[in-house]
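*Asks:* Got a sequence here, can you model it:
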Amino acid sequence: MNTSTPRVFIAATRQNDGKTTTSLGLIAALQNRFPRVGYIKPVGQRFVQIEEQKIDEDTVLMDAVYQLNCPLVDMSPIAVEPDFTRKYLQAANNDALVRKIKKAFDRVSWEKDFVLCEGSGHAGVGSVFDLSNAQVAKTLGCKVILVTRGGIGKPIDEVALNQALFEKEGVEIIGVILNRVLGDKVDQVTDFARRGLKRKGLDLLGVIPHQPMLSSPTVDSIREELQAELLNAPGSLQTLVGSVIVGAMSAPNATKHFKRGVLLITPGDREDIVLAAGNSLSANLTEPMAGIVLTGGLRPSDAVLQVIRAMPIPVLLAQEDSYQVASRVHDQNVKTRPADAQKIALIRDIVAKSVNVKKILESL
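*Replies:* From the prediction side, this is the model:
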């Protein structure tokens with residue numbers, strides 16, 4: 001296996017702590033120093049089907065944004081399908097999986113000046129099939145950056161837990177990046193987190209301020225989450241949703257909530273609220289709502305559908321009831337997608353400003 005190309009492994013203390021966001025921004029920063037940067041996510045848990053291959057969705061994102069000039073199947077060699085663990089426990093094939101990862105890394109690193117390796121969740125994820133993040137980092141000869149949520153006590157406690165497993169595998173952690181730190185607490189958290197990490201023998205490599213935009217879903221991601229039908233043809237489905245209201249009140253009372261960034265969720269037979277929303281849009285085209293979700297699979301009458309088709313915002317029809325829809329929107333895990341140009345630009349900028357890339361490279 002290639003042992004000469006510089007590399008780093010991005011891990012996290014928990015799932016959804018900002019590993020992919022950090023990786024996305026770091027690749028841009030690394031490209032300012034290395035002409036050709038490669039990427040690999042050796043073990044992926046969330047995948048999409050592309051030409052009969054199961055490819056991790058983060059790999060698809062990185063390739064779409066950076067055109068990495070490498071087959072997707074090499075950047076995402078192992079996709080953990082629903083029955084993957086059961087099959088492994090019935091007939092362990094660790095040697096074959098390790099060989100697959102090493103060969104994929106060789107292809108990913110071919111003619112590259114640097115390779116960023118992204119893990120999957122915390123250090124122990126994958127232990128059940130003998131491919132924990134710590135084991136994969138050791139296999140690839142990587143030093144590790146840990147990404148954790150903003151704060152002081154709890155993040156450092158979680159860093160210590162992950163540190164123990166990496167150290168057990170003989171893998172060096174070069175430092176920690178704190179993500180989603182509230183803006184007014186950045187200075188305080190930076191000071192005390194640096195002190196706490198130093199006691200663990202770790203450097204603080206960056207503090208990324210919380211960006212509400214990155215936690216906001218787009219109407220299109222909500223459409224996919226709900227598998228909803230689009231009832232009209234708006235200019236864009238990439239509008240960010242800032243807040244959600246459930247239209248369970250009278251139309252005049254609902255009108256007070258029709259503001260910029262609001263997603264209205266209401267039963268499909270509440271035609272009075274839908275028409276009130278249409279009138280509100282006509283009166284306020286400069287600050288429109290983000291969109292409307294009609295629920296219960298209740299398709300409006302032809303007359304109301306005609307009004308909906310003229311609306312400049314997306315109107316979706318979901319099969320579930322309003323409570324279920326509101327719950328799913330609230331609980332949705334917001335992931336950056338290739339079409340999220342505004343978010344991707346923000347991530348590049350904020351990581352470049354907040355993470356000490358020079359210190360990372362010196363540590364490698």
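*Asks:* Residues contacting stretch 123-140, please?
*Replies:* 1, 7, 9, 11, 15, 42-43, 45, 78, 80, 84-85, 88-89, 92, 94, 97-98, 101-102, 105, 117, 119-122, 143-144, 161-162, 165-166, 168-171 (C-beta atoms under 8 Å, 6 or more residues apart in numbering). Every C-beta, even on glycine, is put in place using the N, C-alpha and C of the backbone.
*Asks:* Return the residues in contact with the closest residue to residue 232 other than its chain neighbours.
*Replies:* Among residues not flanking residue 232 along the chain, residue 309 sits closest, at 4.7 Å (C-beta to C-beta, 6 or more residues apart in numbering). Residue 309 makes contact with 231-233, according to C-beta under 8 Å, 6+ apart.
*Asks:* Same check on residue 190?
*Replies:* Going by C-beta under 8 Å, 6+ apart, the list of residues near residue 190 reads 178, 181, 204, 207.
*Asks:* what sits against the third one?
*Replies:* Applying C-beta under 8 Å, 6+ apart, one finds that residue 204 lies in contact with 175-178, 190, 193-194, 197.
*Asks:* so where is the protein shaky, pLDDT-wise?
*Replies:* By pLDDT under 70, the weakly predicted segments of the chain are 283-286.
*Asks:* Domains in it, by residue range?
*Replies:* Following automatic domain parsing, one finds the domains of the chain at 7-211+337-363, 219-331.
*Asks:* Out of the contacts of residue 309, who's the most crowded?
*Replies:* Neighbour tally across the contacts of residue 309 (other C-beta atoms under 10 Å): the maximum, 20 neighbours, falls on residue 231.
*Asks:* Could you measure from the closest residue to that residue other than its chain neighbours over to residue 46?
*Replies:* Nearest residue to residue 231, sequence neighbours excluded (C-beta to C-beta, 6+ apart): residue 315, at 4.6 Å. According to C-beta to C-beta, to the nearest Å, residue 315 stands 28 Å off from residue 46.
*Asks:* the more surrounded of these two?
*Replies:* residue 315 (25 against 13).
*Asks:* Show me how far stretch 199-215 is from its chain's centre.
*Replies:* Its chain's average C-alpha position is 16 Å from that of stretch 199-215, according to C-alpha atoms, centre = their mean, to the nearest Å.
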